[in-house]
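In: Any chance you could fold what I've pasted below:
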Amino acid sequence: MKIIGGIDKGKKIISKPPKNLRPTMSKVRESLFNILGEDIKDSSFLELFAGTGAVGMEALSRGAGKVVFVDKNPLAVNSIASVKSSCPCDEIHVIKADACEAIKRLSKKKETFHFIFLDPPYHTKDLDEILPLLGDTNILAENGKAVVEHFFKKTMPRNSGCLSLKKSYKYGDTVLSLYVK
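Out: Sure thing, here's the model as predicted:
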C-alpha cells in the first residue's frame, strides 16, 4: 500500500496488511480527500478503526497538522506504530482501544478534531453505538466533518445528535457518508 497524494505521494505505507484487515481502497481514499479538499491543511484528524493507518497517513501527507489513530487490534496498532517511527512528525498519536472507549477518553480530555474518519468492520453493529456517541460528544469541532465508510446496504441515519448527513458517495460495495456538525 502506498500514499496516493500529497508530499509523501508514492511512499510505501505497509507491505502486507495484518490478517483480517480490510484496508480502504486507494480509489476510495482519493475520493475521500477530494471531498475534504484543502481544508485538510493544518487540521486535526481522527481515524477510528485505523487498521493499516492508510487514511491517517494520507491525511498527514496532504497537510494535516495532527493525526490520532485508534484501533483495538494489537497487530494494527503495532503496524501503525512502526510507520510512525519512520515519520518525523510529532503530531501522530496511536491509541490502542475500542473506538467507543477512545471517544469517551478524548472527550474527557476535551480534544477536538476537524475531521473524523470511521471505517468499522462492515458486518457489525459498531456504527449503531459509535455514531450516536460521536453526535453526543464534542470531539468533532464546530463545522467539523465525520466520514463513515460502510457497506452499501447499510442504511445510515439522517441525524445523530449534532451530526447531520450531508451526502453519500458510492464506490462499488463501499459508501462514504459525510456528516457535518
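
In: shaky segments in the protein?
Out: 13-22, 83-90 (pLDDT under 70).

In: Tell me which stretches of it form strands.
Out: 44-48, 66-71, 92-96, 113-118, 140-151, 159-160, 163-171, 174-180 (DSSP state E).

In: pretty sure Asn143 is in contact with Val180, am I right?
Out: Yes. Between Asn143 and Val180 there is a contact at 7.1 Å, judged by CB atoms under 8 Å. Using the backbone N, CA and C atoms, a C-beta is placed for each residue, glycine as well.

In: Compare neighbour counts for those two and give me the winner.
Out: More crowded of Asn143 and Val180, by other CB atoms under 10 Å: Val180, with 14 against 9.

In: How about the more buried one, nearest residue that isn't a chain neighbour?
Out: Take Val180 and drop its neighbours on the chain: the residue closest to it by CB to CB, 6 or more residues apart in numbering is Lys166, 5.0 Å away.

In: ok, how many other residues are close to the one you found?
Out: 13.

In: quick one: it from Lys154, how far?
Out: 17 Å (CB to CB, to the nearest Å).
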